[in-house]
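Asker: Sequence and computational prediction follow.
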Amino acid sequence: MALIHKAPANAGLSTTRTPSPVRAAGLLLGLTLLATVPLSACSATGEADPLPTSTLSAASTPSVDAHHTPAQQPQAQRTRARQAQATLTAFVDAARRGDAAVTTSLVSGRDPTFATRTRVWADNLQGIDWAAMTWTVRAQQAPLSAERRSALGADAWVQEVSVTWSLPGESRRAEERLWLTFVTDATVNDVTGAPGSGTGAPTGSGGTVRLAGERDGPSRLTATPLWLMQPVRLYTDDGVRLLTDADAGHAAHDWLRIAAAARAQTISRVGAAARDRETPLVVEIPQSRTAFERVLGVAENSYATVAAAAWPMGTDTATAPIHVVVNPESSARLSPLGRKILLTHEAVHVVTRSPGSAAPTWLVEGYADQIAYRAHPDARVPALTRVTDEVQAHGAPTDWPAESDFAPTAKHLDLAYDLAWTACRFIAAAHGTAGLNRLYAAVDHGATLEGAADRLGTSEPALLRGWRADLSRLAKR
Ligand SMILES: [Zn+2]
């Protein structure tokens, strides 16, 4: 499933490798679900709505806790949730139209650092031409730490919020669950005039509900949209949407060009294996490794060596948009050719929607490398050298690379990728590139390898024997 590229320690080009897809995706889902709600409670459905949408209602509020359904919630909690929704809606509305006076008025000054960060939110909300955007307050609330309660006041509370969004050309929506902190300021909103103006969130007691924080939730390991962490700009090209540093300038245009070529080369080669040729390739390049890991929703430092990930942006891998998220630190060690290989490999994962694929990891990763190396044959040399050295030293492997060979901690991760690639390379040599595409598609759709091989007029044991013979020939050169 997951599809991650680990940056080469030797700053080489094509030895970008990935940890176990299955494990990584499982980790993402597991962490997300722990912190949020059952998938059946997700409410992000339907067509793109005008901005902003989503109001809290009994009908749309999911049951997030069997012991504490919205209907059973104390009235005070439901009231706070409604007020939080009104404040969020007003904030997003004002940000979208560039009304800084109103957005500022809806953010509490009790934590000045948060107030600064929300100016970035507002700028990004205004600056990007969103295809869809919703902010929906969920039923679940959480307590603050004693320290934060002391800093923000006894009236502060934390509310779960679902954010969905898509970029121009995307039909699927990313979804993240956030925990936002709110406070009730006794003072009347002097810009909106709340209470009574209808734009703020009057409490009915002369105060105003304001945003007060975004880091007080029960789990820090939830995915966070890039555009809530740093100033971003959307760069677009034919079929590519690049979300990156607002000041990226020349570098952004380089990435944009590489991504556009990667997508075109992928689409022209994957044939029957394509699942989505239409959706733009969305590439996100955070400005730091920490932001990269927060976009993925993984523990800090756990993906430090990963160069990029093709990542389902939501809790349901089957429906989520898949974005390529680049680690700015490890990808910085790549050569220009290495970047091309990296993005082409990841583009294959996106166009084939391989997160969630039934195919074994060796086929998913080997196939992506095969497409990338066909596009950039010069980049194959290090992989061929590693495989040749391995077979000369230890003979050809007796079976396809195992799932465990692709674990992040696997000792010979690069070699696992290289061997997987040579397996796909052999299948393409023996049965044509269209044959490899068809075999991949069949397994991707649930066929066994034996069944898929049968459709090519061969068998799995024959493919395995052929690959091993090919490796032995390679080693004798
Ligand atoms: Zn991969």
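Answerer: Alright, I've got the coordinates.
Asker: can you pull out the helices in the stretch 151-300 of the chain?
Answerer: Assigned by DSSP state H, counting those that start in this stretch, the helices in the stretch 151-300 of the chain fall at 250-269, 289-296.
Asker: buried set for stretch 282-302?
Answerer: Under the neighbour-count criterion of 16 or more other CB atoms under 10 Å, stretch 282-302 has 282-287, 289, 291-298 buried. Quick note: C-beta positions are derived from backbone N, CA and C, even for glycine.
Asker: That should have said stretch 173-182, apologies.
Answerer: 173, 174, 175, 176, 177, 178, 179, 180, 181, 182.
Asker: for these, which one is nearest the ion?
Answerer: residue 174 (20.1 Å; CB to the ion).
Asker: Hmm, the closest one is touching residue 162, no?
Answerer: No. Using CB atoms under 8 Å, residue 174 is not in contact with residue 162; the gap is 11.0 Å.
Asker: Quick check: pLDDT value at residue 57.
Answerer: pLDDT recorded at residue 57 is 29.
Asker: Out of the helices of the stretch 151-300 of the chain, flag the one nearest the ion.
Answerer: Closest among these, using CB to the ion: helix 250-269, at 12.5 Å.
Asker: For that closest one, name the packing helices and strands.
Answerer: strand 232-237, strand 240-245, strand 281-285, helix 336-351, helix 361-375 (3 or more CB pairs under 8 Å, 6 or more residues apart in numbering; DSSP states H and E).
Asker: now the angle from it to strand 281-285?
Answerer: Per axes from the mean of the first three to the mean of the last three CA atoms, to 10 degrees, the angle that helix 250-269 makes with strand 281-285 is 150 degrees.
Asker: where are the low-confidence patches of the chain?
Answerer: 1-72, 187-206, 220, 408-409 (pLDDT under 70).
Asker: can you count the residues close to residue 146?
Answerer: Residue 146 has 8 neighbours, counted by other CB atoms under 10 Å.
Asker: Okay, now stretch 325-337: how far is its last residue from its first?
Answerer: 18 Å (CA to CA, to the nearest Å).
Asker: make that stretch 306-318, sorry
Answerer: 23 Å.
Asker: Check which residues of that stretch are buried.
Answerer: 306, 307, 308, 309, 310, 311, 312, 313, 314, 315, 317.
Asker: that older thread, with distance to residue 415 added, can I get the helices and strands packed on helix 250-269 in a markdown table?
Answerer: Below are the helices and strands packed on helix 250-269 laid out as a markdown table (distance: least, CB to CB, whole Å):
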| stretch | distance to residue 415 |
| --- | --- |
| strand 232-237 | 35 |
| strand 240-245 | 32 |
| strand 281-285 | 28 |
| helix 336-351 | 17 |
| helix 361-375 | 12 |
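Asker: Determine which two of the buried residues of stretch 282-302 are furthest apart.
Answerer: 282 and 289 (19.8 Å; CB to CB).
Asker: got the residue ranges for the strands in this protein?
Answerer: 4-6, 132-142, 157-166, 174-185, 208-213, 232-237, 240-245, 281-285, 306-312, 322-326 (DSSP state E).
Asker: Which strands or helices does the fifth one pack on?
Answerer: Secondary structure elements in contact with strand 208-213, counted by 3+ CB pairs under 8 Å, 6+ apart, are helix 75-96, helix 112-127, helix 146-152, strand 174-185.
Asker: what angle separates the top helix by length along the chain from helix 361-375?
Answerer: Secondary structure assigned by DSSP state H gives helix 413-444 as the longest helix of the chain. On the basis of the same axes, to 10 degrees, helix 413-444 is oriented at 100 degrees to helix 361-375.
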